[in-house]
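Asks: with the sequence up front, the predicted model follows.
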Amino acid sequence: MTRPVQDLGEAVLAQLKKLGLSNMPSNYDVFYHAMSGSDPNLHKALNELGPMPSQSDIDDVADEHFAQRSEVKVIHNAQRQLSKQIGALQTMASAEAAEMRTFSENMSNVLLAKESITQEKAFEALGTLIKAAKLKSEGTDSLLKDYAEQGVMLTQVRKELEEARREALSDRTTGALNRRAFDDALTAIYESKDYFQYSLVMLDIDHFKKVNDTYGHPAGDRVLQCVAAAVKQNLRDGVPLYRYGGEEFGFILRNLDSDIVGKVADRIRIAIQKMGLKNSNGTKLNVTISLGFCMADQADSGHELMEKADQALYASKALGRNQVTDFATLDLKRDTTTGRYEMYHRGTRPKVDITVG
């Protein structure tokens, strides 16, 4: 069973002390996630650092497994770039204003001259204006070129910021959006006036722990990737898939009644059942999923909607797995079970390469 939170916290502090690492919040957070069993890849990466990891090693692992940390670095770099570019643009704008003032003064000096304009002075004044106009023209060309160059640099900064945001909201293993994006999407439902048009479907891979225990986490990751790909293929374009837990996914539908939502969920269930995964020996892996859904008008918030869809999902589990349950059909008490993930135990497992076919 999952270690109680208090015991886990004490174990994390003991591990940090054993490795000679500071128990600062960032280190505690990394080891807490690894030792909770929620991220086997993070657990493995920390183990591979050996018995005396440096703080730099820990930071590198954290940056790799926590997208938001990388996002912060990119945003800081982008902010420095933006400051530099804005400063350059301000300098060019000031230079252009100075040129305009000079050009204007030259014109005023000629037009407001008190003495009579002789032929010689007329040609001299004309020459001054032509020279000023030429300088202005050359300056404008140069200025436009500089503006274009700064525009290219600013566009690159914007792309880096957009990429950082995508990475921060994406799950690296499956390519689905992560829990952070999922929470944002649930909140957005009830911020809209037409929240009642939405529904939430949640799914869980049946007996996924058995796959990890039998074949190892690399095989489990491959199963996750195949399931995510199959679900995406059976959703309409523009409907995001979210990975909100170890083997748990969800997606949000709109403008569909409960009967149609149930049919969409069942179509996905059948697609996974027929997916046909095989290990390196050609042995078929029978992968199935259980699903539950809830219509948004049956909840008052994103959190409540998720809880009710989750209850429907676990009803599907209790009823034998590999099926779909509508929350509206349930008459049950809230599931008070704590901890859905088993601790990761290292052991000898057969090497396997999961393929589709």
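Replies: Happy to help now that I have it. Quick caveat, the model's predicted, so the values are computed rather than measured. Numbering: from 1, shown residues only.

Asks: give the residue spans of the stretch 201-350 of the chain that score low on pLDDT.
Replies: Scanning the stretch 201-350 of the chain for pLDDT under 70 picks out the ranges 331-350.

Asks: tell me where it has helices.
Replies: Per DSSP state H, counting those that start in this stretch, the stretch 201-350 of the chain carries helices over the ranges 208-215, 217-233, 258-273, 302-318.

Asks: what's the angle between the second one and helix 208-215?
Replies: Helix 217-233 and helix 208-215 meet at an angle of 140 degrees, taking axes from the mean of the first three to the mean of the last three CA atoms, to 10 degrees as the criterion.

Asks: pull the CA atoms of helix 217-233 into PDB?
Replies: Extracted C-alpha coordinates of helix 217-233, given in PDB (Å, rounded to 0.1, in the frame of the first residue of the first chain):
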ATOM      1  CA  HIS A 217       8.400   0.700 -16.400                       C
ATOM      2  CA  PRO A 218       9.800   1.100 -19.900                       C
ATOM      3  CA  ALA A 219       7.200  -1.300 -21.100                       C
ATOM      4  CA  GLY A 220       4.600   0.500 -19.000                       C
ATOM      5  CA  ASP A 221       5.600   3.800 -20.700                       C
ATOM      6  CA  ARG A 222       5.100   2.200 -24.100                       C
ATOM      7  CA  VAL A 223       1.600   1.000 -23.100                       C
ATOM      8  CA  LEU A 224       0.800   4.500 -21.900                       C
ATOM      9  CA  GLN A 225       1.900   5.900 -25.300                       C
ATOM     10  CA  CYS A 226      -0.100   3.400 -27.300                       C
ATOM     11  CA  VAL A 227      -3.200   4.000 -25.200                       C
ATOM     12  CA  ALA A 228      -2.900   7.800 -25.500                       C
ATOM     13  CA  ALA A 229      -2.400   7.600 -29.300                       C
ATOM     14  CA  ALA A 230      -5.400   5.300 -29.700                       C
ATOM     15  CA  VAL A 231      -7.600   7.600 -27.600                       C
ATOM     16  CA  LYS A 232      -6.500  10.700 -29.600                       C
ATOM     17  CA  GLN A 233      -7.300   8.900 -32.900                       C
END
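
Asks: closest one to Asn41 among the helices of the stretch 201-350 of the chain?
Replies: helix 217-233 (6.9 Å; CB to CB). Where you see a C-beta, it was placed from the backbone N, CA and C, and this is true even at glycine.

Asks: in the closest one, what's buried?
Replies: Residues of helix 217-233 classed as buried by neighbour count (16 or more other CB atoms under 10 Å): 217-228, 230-232.

Asks: could I get the pLDDT score of the residue nearest to Val61 when sequence neighbours are not counted?
Replies: Using CB to CB, 6 or more residues apart in numbering and skipping residues adjacent in sequence, the residue nearest Val61 is Ala45, 4.8 Å away. As predicted, Ala45 sits at a pLDDT of 86.

Asks: kindly report the same for the one 3 residues further on.
Replies: On pLDDT, Glu48 comes in at 86.

Asks: ok, now Ser70?
Replies: The predicted local confidence for Ser70 is 52.

Asks: re earlier: Gly175 is nearest to which of the helices of the stretch 201-350 of the chain?
Replies: Closest among these, using CB to CB: helix 217-233, at 6.6 Å.

Asks: helix/strand/coil for Glu64?
Replies: helix (DSSP: H, G, I helix; E, B strand; the rest coil).

Asks: contacting residues for it?
Replies: Contact analysis of Glu64 by CB atoms under 8 Å, 6 or more residues apart in numbering lists Ala45.

Asks: with Asp57 instead?
Replies: Leu49.

Asks: where does it land in three-state SS?
Replies: Put simply, Asp57 is helix when judged by three-state DSSP.

Asks: could you check how far it is from Lys44?
Replies: Going from Asp57 to Lys44 by CB to CB, to the nearest Å gives 14 Å.

Asks: then Leu186?
Replies: For Leu186 relative to Lys44 (CB to CB), the value is 31 Å.

Asks: of those two, which one has the most company?
Replies: Between Leu186 and Lys44, counted using other CB atoms under 10 Å, Leu186 has the larger neighbour count: 24 against 14.

Asks: tell me the phi and psi of the more buried one?
Replies: The phi and psi torsions at Leu186 (degrees, to the nearest 10) take the values phi -60, psi -40.

Asks: residues touching the closest residue to it other than its chain neighbours, list them.
Replies: Using CB to CB, 6+ apart and skipping residues adjacent in sequence, the residue nearest Leu186 is Gly302, 2.9 Å away. Taking CB under 8 Å, 6+ apart, we find Gly302 in contact with Asp183, Ala185, Leu186, Thr187, Ile189, Tyr190.

Asks: would you show me how to pick out the buried ones of these in ChimeraX?
Replies: One line in ChimeraX is enough to select the buried ones among the contacts of Gly302; burial here means 16+ other CB under 10 Å:
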select :185,186,189,190
